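Undergrad: no sequence for this one, just the structure:
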């Protein structure tokens, strides 16, 4: 490859464009890196860790 930085940039741009969607409630654009199920699972896992590590 003659220009690997250009190739990497093009691939990154393609991934960002492919991950873009519109929020139905606001009409704003967003980049989705995780789907909502993965996001909820990650949030619950971290919340459980927080509850065990932080005394009340």
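TA: That came through fine. Since we're looking at a predicted model, the values are computed, not measured.
Undergrad: Strands of this structure, residue ranges please.
TA: 20-22, 29-31 (DSSP state E).
Undergrad: Can you add mean pLDDT and give these back as JSON lines?
TA: Shown next, in JSON lines, are the strands of the chain (pLDDT from 0 to 100):
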{"stretch": "strand 20-22", "mean pLDDT": "77"}
{"stretch": "strand 29-31", "mean pLDDT": "79"}
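Undergrad: Among those, which comes closest to residue 37?
TA: In terms of CB to CB, the element of the strands of the chain nearest to residue 37 is strand 20-22, at 15.3 Å. Every residue, glycine included, has its C-beta placed from N, CA and C.
Undergrad: follow-up on the earlier one: Serialize the strands of the chain to a markdown table and add fields for mean neighbour count and distance to residue 41.
TA: Shown next, in a markdown table, are the strands of the chain (neighbours: other CB atoms under 10 Å; distance: least, CB to CB, whole Å):
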| stretch | mean neighbour count | distance to residue 41 |
| --- | --- | --- |
| strand 20-22 | 10 | 20 |
| strand 29-31 | 10 | 19 |
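Undergrad: show me where pLDDT drops low in this structure?
TA: For the chain, the stretches flagged by pLDDT under 70 are 1-3, 15-19.
Undergrad: What separation do you get for the residue nearest the centre of it and residue 51?
TA: Of all residues in the chain, the one closest to the mean position by CA atoms, centre = their mean is residue 33, 2.4 Å from it. Using CB to CB, to the nearest Å, one gets 26 Å for the distance from residue 33 to residue 51.
Undergrad: Equivalent analysis for residue 4, please.
TA: The spacing between residue 4 and residue 51, counted by CB to CB, is 46 Å.
Undergrad: max-length helix in this structure?
TA: helix 36-53 (DSSP state H).
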